[in-house]
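**Q** Coordinates for the following, if possible.
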Amino acid sequence: MQPVAEFSVTARPDRRIVEVYDADAYLGDEQAMATSRQQVVAGNGYHLYIHTLQPDIRVHITIRLWDTPPPPPAEAEGHAPITLDSETGILVVNQLTLGPAGEMTLPEPGVYEGTAWWASRQAAADYYNLTLQEIEEDWSPERVTQAWADCPTPEHYILDLSYIRPSPDDDE
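**A** Presented below is the predicted three-dimensional model:
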């Protein structure tokens, strides 16, 4: 079974958060962001927040669209059900204060449901914490950046989504 469409990007988890949202959904949701800190992935329908365990190592975000979503793979460390309403048909992967990392054009606007799953979350955090202990005063910013890039087990978050229905009218 192959996805209908797929998009991948790396993003820096600003304050340990990466956000996925509809291109017209500008206002964030503090409650959903706080919930992601307990559930790893949480949202309000228009915004989805992904909470990492480290703030500096880039994470891989993959959005896959399916006719019917597959179950999470065996290597998934965890998973959560998700819903995203994209009235514009464009999903943005955002790095909070750093800005968008990329965007995906969906086959059609509407409500998408599925599963978010993740792998190597704890391993990346362990590498980050170990590297922090090794950093010395004479390390240049470039050397620290290279240490983050050298993470042997980068985090990966996959959003497996299926189109469910058109977005509700604003009048409702």
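
**Q** how would you label the closest residue to residue 87 other than its chain neighbours: helix, strand or coil?
**A** Once flanking residues are discounted, residue 87 sits nearest to residue 167: 4.5 Å by C-beta to C-beta, 6 or more residues apart in numbering. Glycine gets a C-beta too; all of them are placed from N, C-alpha and C. Secondary structure assignment for residue 167 (DSSP: H, G, I helix; E, B strand; the rest coil): coil.

**Q** can you map out the strands along this structure?
**A** Residue ranges of the strands in the chain, as given by DSSP state E, are 5-11, 17-22, 41-43, 47-51, 59-66, 78-86, 90-94, 100-105, 110-119, 156-165.

**Q** for the chain, longest helix please?
**A** The residue-count maximum for a helix in the chain (DSSP state H) belongs to helix 121-134.

**Q** Return the helix or strand in the protein with minimum mean pLDDT.
**A** Across the helices and strands of the chain, mean confidence by mean pLDDT, DSSP states H and E is lowest for helix 30-39: a mean of 92.

**Q** Compute the inter-axis angle for it and strand 78-86.
**A** 160 degrees (axes from the mean of the first three to the mean of the last three C-alpha atoms, to 10 degrees).

**Q** distance between helix 30-39 and the chain's centre?
**A** 13 Å (C-alpha atoms, centre = their mean, to the nearest Å).

**Q** What would it look like as CSV? C-alpha coordinates only.
**A** In CSV, the C-alpha atoms belonging to helix 30-39 read as follows (Å, rounded to 0.1, in the frame of the first residue of the first chain):
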residue,chain,number,x,y,z
GLU,A,30,-1.8,27.5,24.4
GLN,A,31,-3.9,24.8,25.8
ALA,A,32,-3.2,22.4,23.0
MET,A,33,0.5,23.2,23.2
ALA,A,34,0.5,22.5,26.9
THR,A,35,-1.4,19.2,26.3
SER,A,36,1.3,18.1,23.8
ARG,A,37,3.9,18.2,26.6
GLN,A,38,2.0,15.3,28.2
GLN,A,39,0.8,13.5,25.1
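
**Q** show me what contacts the nearest residue to residue 25 once chain neighbours are set aside?
**A** Once flanking residues are discounted, residue 25 sits nearest to residue 46: 3.9 Å by C-beta to C-beta, 6+ apart. By C-beta atoms under 8 Å, 6 or more residues apart in numbering, the contact list for residue 46 reads 21, 22, 25, 29, 84, 85.

**Q** Any idea which of those the model trusts least?
**A** Lowest pLDDT among these: residue 25, with 84.

**Q** I appreciate the help and will end here.
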